[in-house]
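> with the input below, show me the fold.
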Amino acid sequence: MSSSLPSPALPAPVDARHLQRRLTGRRFLEWIIQSLLFLCALASILTTLGILYMLASETIYSANPDDPAFFQQVSLAEFFGDTAWRPNFEPARFGIWPLLSGTFLITTIAGFVGLPIGILSAIYLSEYAKARTRTWVKPALELLAGVPTIVYGYFGLMFVTPYIINPLFSQLLGFEVQGLNALSGGIVVGLMLIPMVCSLSEDALRAVPRSLREAGYALGSTKFDVSVKVVVPAAFSGIVASFLLALSRAVGETMAVAIAAGNRPTLTLNPLESTQTMTSFIVNMTMGDVSAGTITYKSLFAVATCLFLVTLVMNVISQWVMQRYRETYQ
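Numbering: from 1, shown residues only. Next comes the predicted model:
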């Protein structure tokens, strides 16, 4: 009695035309996805070019002789050589330095407040905090980042400023502090920078390979030594990039400084005096009664151009630092 094994099932014949249609459909779908991604990237480029065209046409050169640009009426020597900014008074003066000094003064104060607290918070979350602590501290920081800037401005006006103008504080300084001041605006902006610095720096610290930490522990280092001497230098590029991006946001902050720091353009380095930044000038002037086409109206675009160039330079420096100090780990 003979038994035979069942013959294996033969694969169904492949329809060459059906396979070709599937390949063609996949290629078409990939082309659609690639085109959509390209259009998204192109939209950001076109938006930037549109901003540059708008600023240049109102600031640098206008082909319409009846509507000249700002620098066709005000010379660069006056713009960068004068030390007074009075576009609403006669005679009008358009020296940008009071607005630049106010912007960098508040940015410097914000950096001294936000950067140390942000990096120390990032080191704690990355190296010291337990998983349960991180699960509620990180969302709390992200919630702080989502608070509207105008709320920070009123927080500085109603909470920070009264402590600064307190008579006891004035006695310690030796002179009286009155009204709005740059210190209050800088502290508020510094508080706004903490979530950004902490989040970006913590991501950079956690990206450092575990093997580097274990090598430090194997040499007898403490957790503090490993954190400060191994992890932080390894994540240096990401940390510096977070610092520069945070300072770029401080330069471009509007409502918080407009409410807390005042609106008096003064060429000063005293943080206890009222000052005005480039962004607060723009928002104050646009909220006022400014006629389109006037030299005061054109000055808004000149200040916006300076602000654009400052943030552009800071972002370029940030990219250079990331490329210069980026470490590659195998």
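> could you point out which element follows the lowest-mean-pLDDT helix or strand in the chain?
Least confident helix or strand, the chain: helix 167-173 with a mean of 68, by mean pLDDT, DSSP states H and E. Per DSSP states H and E, helix 167-173 leads on to helix 182-206 as the next helix or strand towards the C-terminus.
> quick one: mean pLDDT for that following helix?
Average pLDDT, helix 182-206: 89.
> spatially nearest residue to Ala260 (excluding sequence neighbours)?
Gly156 (3.4 Å; C-beta to C-beta, 6 or more residues apart in numbering). (Each C-beta comes from the backbone N, C-alpha and C, glycine too.)
> how about the contacts made by the one you found?
Neighbouring residues of Gly156 by C-beta atoms under 8 Å, 6 or more residues apart in numbering: Ser184, Gly185, Ile187, Val188, Ala256, Ile259, Ala260.
> list the contacts of Val189.
Ile106, Thr107, Ile109, Ala110, Val113, Gly114, Tyr152, Ala250, Glu253, Ala256, Val257.
> and those residues, which two are furthest apart?
The largest separation in the contacts of Val189, counting by C-beta to C-beta, is between Thr107 and Tyr152 at 15.1 Å.
> most neighbours of all the contacts of Gly156, which one?
When neighbours are taken as other C-beta atoms under 10 Å, the top entry among the contacts of Gly156 is Gly185 (35 neighbours).
> separation between that one and Glu90?
To Glu90, Gly185 is 29 Å away according to C-beta to C-beta, to the nearest Å.
> one more: Ile239?
For Ile239 relative to Glu90 (C-beta to C-beta), the value is 50 Å.
> of the two, who's got more company?
Ile239 (25 against 6).
> between helix 182-206 and the host helix or strand of that one, find me the angle.
Secondary structure assigned from DSSP H and E places Ile239 in helix 236-252. Angle of helix 236-252 versus helix 182-206, following axes from the mean of the first three to the mean of the last three C-alpha atoms, to 10 degrees, is 150 degrees.
> returning to what we had before: nearest to Lys229, of the contacts of Gly156?
Nearest to Lys229 out of the contacts of Gly156 is Ile187 (C-beta to C-beta; 31.2 Å).
> wait, that closest one sits on Val160?
Yes: counting by C-beta atoms under 8 Å, Ile187 does reach Val160; the two are 5.4 Å apart.
> neighbours around Pro271, how many?
20.
> could you do Leu46 as well?
For Leu46, the count of nearby residues is 11 (other C-beta under 10 Å).
> I'd like the next helix or strand past the strand or helix carrying it.
Element membership for Leu46, per DSSP H and E: helix 16-59. Once helix 16-59 ends, the next helix or strand along the chain (criterion: DSSP H and E) is helix 76-81.
> which other helices and strands contact that next one?
strand 93-94 (3 or more C-beta pairs under 8 Å, 6 or more residues apart in numbering; DSSP states H and E).
> so how far is the strand it packs on from its chain's centroid?
With C-alpha atoms, centre = their mean, to the nearest Å as the basis, strand 93-94 stands 29 Å off its chain's centre.
> packing partners for it?
By 3+ C-beta pairs under 8 Å, 6+ apart, strand 93-94 packs against helix 76-81, strand 85-86.
> could I get these as a markdown table with mean neighbour count and distance to Pro167?
Converted to a markdown table, the helices and strands packed on strand 93-94 look like this (neighbours: other C-beta atoms under 10 Å; distance: least, C-beta to C-beta, whole Å):
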| stretch | mean neighbour count | distance to Pro167 |
| --- | --- | --- |
| helix 76-81 | 12 | 40 |
| strand 85-86 | 20 | 32 |
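> which among those is found nearest to Ser280?
Nearest of the helices and strands packed on strand 93-94 (C-beta to C-beta): strand 85-86, 12.0 Å.
> avg pLDDT for the closest one?
86.
> do the same with stretch 155-162
86.
> hang on, the earlier thing: reformat the helices and strands packed on strand 93-94 as JSON lines; add distance to Arg324.
Shown next, in JSON lines, are those (distance: least, C-beta to C-beta, whole Å):
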{"stretch": "helix 76-81", "distance to Arg324": "30"}
{"stretch": "strand 85-86", "distance to Arg324": "36"}
